[in-house]
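*Asks:* Need coordinates for the following:
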Amino acid sequence: MPPARLRIAGALRQAQSFGGVGGALLAALEDRAFATIPFLCCDASLDAADFYKANGYVEESHRDFVMPRGLVSRVVRMKKQSRRKGSPS
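*Replies:* Numbering: from 1, shown residues only. Coordinates of the predicted model:
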């Protein structure tokens, strides 16, 4: 699948439940992704936006996300640029 099409459908975490596991998982994902792409985007729940901000993501917009069963959830579109030297542009 082309990199522009790869996605993680969702990840949930409970605040402070495992002492940094969420941040470690995100860092590992970013290391792999930034080896081939210049940025990552995600639609974060309102509860998760601060987690992403603390990990270097910037808020771009707010929107409604419609789930497969029709439930609507407000999300924050977040983006993080690679800081690697020589990363693809």
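
*Asks:* residue ranges of the strands in this structure, please?
*Replies:* Ranges of strands in the chain, per DSSP state E, are 39-45, 58-66, 72-81.

*Asks:* Now do the buried residues in the longest one.
*Replies:* By neighbour count, and taking 16 or more other CB atoms under 10 Å as the criterion, the buried residues in strand 72-81 are Val75, Val76, Arg77, Met78, Lys80. Using the backbone N, CA and C atoms, a C-beta is placed for each residue, glycine as well.

*Asks:* show me what contacts the last one?
*Replies:* The contact partners of Lys80, by CB atoms under 8 Å, 6 or more residues apart in numbering, come to Glu30, Phe39, Leu40, Tyr52, Asn55, Gly56, Tyr57, Val58.

*Asks:* mind listing the helices for this structure?
*Replies:* 21-33, 49-54 (DSSP state H).

*Asks:* Of all these, which one is nearest Arg84?
*Replies:* helix 21-33 (9.1 Å; CB to CB).

*Asks:* Run the chain-centre distance for that closest one.
*Replies:* A distance of 10 Å separates the centroid of the chain from that of helix 21-33, by CA atoms, centre = their mean, to the nearest Å.
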